[in-house]
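# Build me a model:
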Amino acid sequence: MDKVENEGHGRLLNEVWFKVRAKHFFPELPKPNIARFIGDTALEIKNKTITLNQHFLEENSTYLPLARTMEALLDHWVAHYTVCPWNFYTYLMLYKRARDVLNDKWMALTATSYFMDIVVDTYCFKEKDTPLPDLYRHMEEKNALERVIHALYQKIWGIDLNIRGYDDFTAKLSQIPFLDRKRWPQSIYRFSKIIRPLLSSSEEMMMVPMGQFGFGNFSSMETDSGLNEFVMSSRDPQDFQELIEDFAEELVEKLDFEGGMGVSFGRRSEDANAQFYMRLAENYSLPLNKEPVDKSGTLYPFSHCPWEVGKPVLDIDPWTSFGKIMPGLTQTWERREGDTFGSEEGTPNCIIIIDSSGSMVNPKEYLSQAVLGAACAADAYLRNDAMVAVYNFSDADANQCKVLPFTRQRAMIYRELCHYFAGGTRLNIDDVDILQDPSKPDIFIITDMKITNLSEFIEYLNKLENRVTAVHLGKNDHADRFKQSTTARKNISIYFVQRNEDIPKIVLGKIGEYFNPLSGI
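As a prediction, the model looks like this:
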């Protein structure tokens, strides 16, 4: 792409750009450029900067004054940021709904691009004084889909764009409420079904005439925030994994597969799964509490106050008293007891024990509240500068267990939490005991309590002085036996969860008490 050095075009672009910015209420977008590049697209957009195609401008100057062509293209571009998609989450949501229909990345990308173009062009036509209709009236359509889109504009705008035919398509498409933001998910679903016969699974099909709008138009921070919002809205690990697989190359370039905490993940499905639960857990994160302090017992000068007769002479500050001892003029030091970090400073480490037996939800297929609860616990301890160890078990006697020693490596922790064995339910006490250390780390366990060697595990816990938080899913005899057998232990807290949605609240509520025992959460 060769940048065009043309003072006349540059001055004209500046004038048109000011007019367009004023028309769209001065959005904070960088100044556009003009360059000559190969291809039929009218413009390119990278990092919010638009480059108008000199070749396209010259081609259309026969039918439309150059300033009007520039204005039409800039109206279209600005509306993408002010109207549709507006933010990266909206783009992901629209793409996902299109892909649900088309089951193909390139077809879904093409449908998403044309849907957004229809929204912004129709918005500009109805809300702004724009030359877009004049531009479309003379633009050459390269394929049937472009002709259908222009025929749709002709119908819903109520003007002649020199398009004939395609009534079957436009009759259906014109019923879609393109400008109703609340109905966009349903609208793009219908739109994709209608235009499916006109799409092909080819990357070349994506070359939409007004330029492709997608990943490259958002910053790394916007991309990361959009992924987080998508996770919270979807709450479906398979949806997120599908996105990661579809946009692996784009995400590597944009984020280096870093999560919200700057954690590097790979491209495997288990990495996408770990990212999903990490991002979800971040939305339940606890704020850092101040470290508790003790009084040091030593008095230190704190502030000045007027000296009065009867007060100790040794506390007089001669430098602020001008060397004189006179009531009202002489200044004395007021002393206060100093603070020091007490014995409760810091946060204990935590051993997370998670049940991944066949009776638990597969975290790759459905939202696992057990994994989410464990992820919330891990996130809370890590945010408070502690380390986390993981014991993930199913049938430990059949080597269905994973032991991760204490670490602060989030990627490793979340991968182990998300691993799913789907076997029996038996843990190995020795494996758990290996993770113990003299600091008496907290223990967090989440399970349905259908553990075959439950009695052995209860006996082990009853001998410990560690703080233990046990969360059991579902009501059963095993859970009742665990509760009855540990009731006398003050260091063991047990929570029964009837509604899975309450697990993060219970987890964080208890851990919050550990971090700030005086005030809780």
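# can you give me the strands for the stretch 401-521 of the chain?
For the stretch 401-521 of the chain, applying DSSP state E, counting those that start in this stretch gives strands covering 401-407, 442-447, 468-473, 492-497.
# Pull out the buried residues from the first one.
Of the residues in strand 401-407, those scored as buried under the neighbour-count criterion (16 or more other CB atoms under 10 Å) are C401, K402, V403, L404, F406, T407. Heads up, the C-betas are built off the backbone N, CA and C, glycines and all.
# Could you pull up the residues touching the first one?
Yep, that's C401 we're talking about. With contact taken as CB atoms under 8 Å, 6 or more residues apart in numbering, C401 is in contact with Y391, N392, F393, S394, F421, L427, N428, D431.
# Restrict whichever strand or helix holds the second one to CA atoms and write it as PDB.
It stands for N392. Here N392, judged by DSSP states H and E, is contained in strand 388-393. Provided in PDB are the C-alpha atoms of strand 388-393 (Å, rounded to 0.1, in the frame of the first residue of the first chain):
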ATOM      1  CA  VAL A 388      -2.100 -22.400  45.600                       C
ATOM      2  CA  ALA A 389      -1.700 -26.200  45.400                       C
ATOM      3  CA  VAL A 390      -4.200 -28.400  43.600                       C
ATOM      4  CA  TYR A 391      -5.300 -32.000  44.100                       C
ATOM      5  CA  ASN A 392      -7.700 -33.000  41.400                       C
ATOM      6  CA  PHE A 393      -9.100 -36.500  41.900                       C
END
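# Quick one: residues in contact with it.
349-357, 378, 381-382, 400-408, 413, 416-417, 419, 421, 425-428, 431-432, 435, 441.
# That strand - what's its average pLDDT?
Averaging pLDDT along strand 388-393 yields 97.
# cool, stretch 456-463 as well?
Averaging pLDDT along stretch 456-463 yields 95.
# How much space separates W157 from D224?
38 Å (CB to CB, to the nearest Å).
# So, low pLDDT: which residues of the stretch 351-500 of the chain?
Scanning the stretch 351-500 of the chain for pLDDT under 70 picks out 500.
# again, 90 this time
Confidence mapping of the stretch 351-500 of the chain against pLDDT under 90 gives the ranges 369, 380, 383-385, 437-439, 472-480, 483, 487-490, 493-500.
# how about the helices in it?
369-383, 410-418, 429-434, 454-462, 477-486 (DSSP state H, counting those that start in this stretch).
# And for the stretch 1-150 of the chain?
All helices of the stretch 1-150 of the chain, identified by DSSP H, counting those that start in this stretch, fall at 7-23, 54-60, 66-82, 88-102, 105-127, 132-138, 144-157.
# Now render the ones you listed as TSV, adding mean pLDDT, mean neighbour count and distance to I195.
Shown next, in TSV, are these (pLDDT from 0 to 100; neighbours: other CB atoms under 10 Å; distance: least, CB to CB, whole Å):
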stretch	mean pLDDT	mean neighbour count	distance to I195
helix 7-23	90	15	29
helix 54-60	90	18	24
helix 66-82	96	22	20
helix 88-102	96	22	9
helix 105-127	96	22	6
helix 132-138	94	20	18
helix 144-157	96	20	6
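# Export these as TSV, with columns for distance to I494.
Formatted as TSV, the helices of the stretch 1-150 of the chain follow (distance: least, CB to CB, whole Å):
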stretch	distance to I494
helix 7-23	61
helix 54-60	69
helix 66-82	52
helix 88-102	38
helix 105-127	47
helix 132-138	65
helix 144-157	60
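# So which of these is nearest R279?
Nearest of the helices of the stretch 1-150 of the chain to R279, taken as CB to CB: helix 88-102 at 12.4 Å.
# tell me the angle the closest one makes with helix 66-82.
With axes from the mean of the first three to the mean of the last three CA atoms, to 10 degrees applied, the angle from helix 88-102 to helix 66-82 works out at 90 degrees.
# let's number from 20 now, not from 1
Got it, first residue is 20 now, which makes that one helix 107-121.
# Show me what helix 107-121 is packed up against.
helix 124-146, helix 203-214, helix 239-253, helix 256-265 (3 or more CB pairs under 8 Å, 6 or more residues apart in numbering; DSSP states H and E).
# Tell me the pLDDT of the most centrally placed residue in the chain.
Residue closest to the average C-alpha location in the chain (CA atoms, centre = their mean): N247, at 1.5 Å. Note on N247: pLDDT of 92.
# correct me, but it touches M297?
No: under the criterion of CB atoms under 8 Å, N247 makes no contact with M297, lying 9.9 Å away.
# just to revisit the earlier point, redo the helices of the stretch 370-519 of the chain as TSV? Include distance to T68 and mean neighbour count.
Converted to TSV, those look like this (distance: least, CB to CB, whole Å; neighbours: other CB atoms under 10 Å):
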stretch	distance to T68	mean neighbour count
helix 388-402	36	26
helix 429-437	33	24
helix 448-453	55	14
helix 473-481	60	16
helix 496-505	59	16
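# Looking at these, spot the one closest to P51.
Of the helices of the stretch 370-519 of the chain, nearest to P51 by CB to CB is helix 429-437, at 40.0 Å.
# so that closest one versus helix 388-402, what angle?
Using the same axes, to 10 degrees, helix 429-437 lies at 150 degrees relative to helix 388-402.
# Enumerate every residue touching V250.
Contacts of V250 (CB under 8 Å, 6+ apart): F259, F295, R298, L299.
# Show me just the buried residues among those.
F259, F295, R298, L299.
# Which pair in those residues has the greatest spatial separation?
Across those (CB to CB), the longest gap, 9.2 Å, separates F259 and L299.
# what separates V407 from L48, distance-wise?
43 Å.
# And those two? Which one has more around it.
V407 (29 against 18; other CB atoms under 10 Å).
# what's near enough to touch the nearest residue to the more buried one once chain neighbours are set aside?
Leaving aside its sequence neighbours, V407 sits nearest to A397 (CB to CB, 6 or more residues apart in numbering; 4.9 Å). A397 makes contacts with A300, C369, I371, V407, V409, R429, I432, Y433, L436, as judged by CB under 8 Å, 6+ apart.
# Counting neighbours, what do you get for F45?
10.
# where does it land on pLDDT?
In this prediction, F45 carries a pLDDT score of 94.
# Check the spacing between F234 and A267 real quick.
Taking CB to CB as the measure, F234 falls 11 Å from A267.
# Settle this for me: E241 is touching N106, isn't it.
Yes: at 6.8 Å, E241 counts as touching N106 under the criterion of CB under 8 Å.
# so T141 makes contact with G177?
No: the pair T141 / G177 is not scored as a contact, 11.5 Å apart, by CB under 8 Å.
# ok now do I372, which residues does it touch?
With CB under 8 Å, 6+ apart, I372 has these contacts: Y410, F412, L446, V451, I462, F463, I464, I465, T466.
# got the contact list for the closest residue to the last one other than its chain neighbours?
Ranked by CB to CB, 6+ apart and with sequence neighbours excluded, the top spatial neighbour of T466 is D374, at 3.5 Å. The neighbourhood of D374, defined by CB under 8 Å, 6+ apart, consists of A389, F412, S413, T444, I464, I465, T466, D467, I470.
# May I see the helices of the stretch 370-519 of the chain arranged in JSON lines, with distance to A291 as well?
JSON lines is the format used below for these (distance: least, CB to CB, whole Å):
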{"stretch": "helix 388-402", "distance to A291": "14"}
{"stretch": "helix 429-437", "distance to A291": "10"}
{"stretch": "helix 448-453", "distance to A291": "28"}
{"stretch": "helix 473-481", "distance to A291": "33"}
{"stretch": "helix 496-505", "distance to A291": "32"}
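# I263 is nearest to which of those?
helix 429-437 (13.5 Å).
# tell me what the closest one is packed against?
Short answer (3+ CB pairs under 8 Å, 6+ apart): helix 429-437 packs on helix 288-301, helix 388-402, strand 407-412, strand 420-426.
# possible to save the ones you listed as a markdown table with distance to E165?
A markdown table is the format used below for the helices and strands packed on helix 429-437 (distance: least, CB to CB, whole Å):
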| stretch | distance to E165 |
| --- | --- |
| helix 288-301 | 35 |
| helix 388-402 | 45 |
| strand 407-412 | 53 |
| strand 420-426 | 53 |
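# on that earlier part again, looking at the helices of the stretch 20-169 of the chain, spot the one closest to F197.
With CB to CB as the measure, helix 124-146 is the member of the helices of the stretch 20-169 of the chain nearest F197 (5.1 Å).
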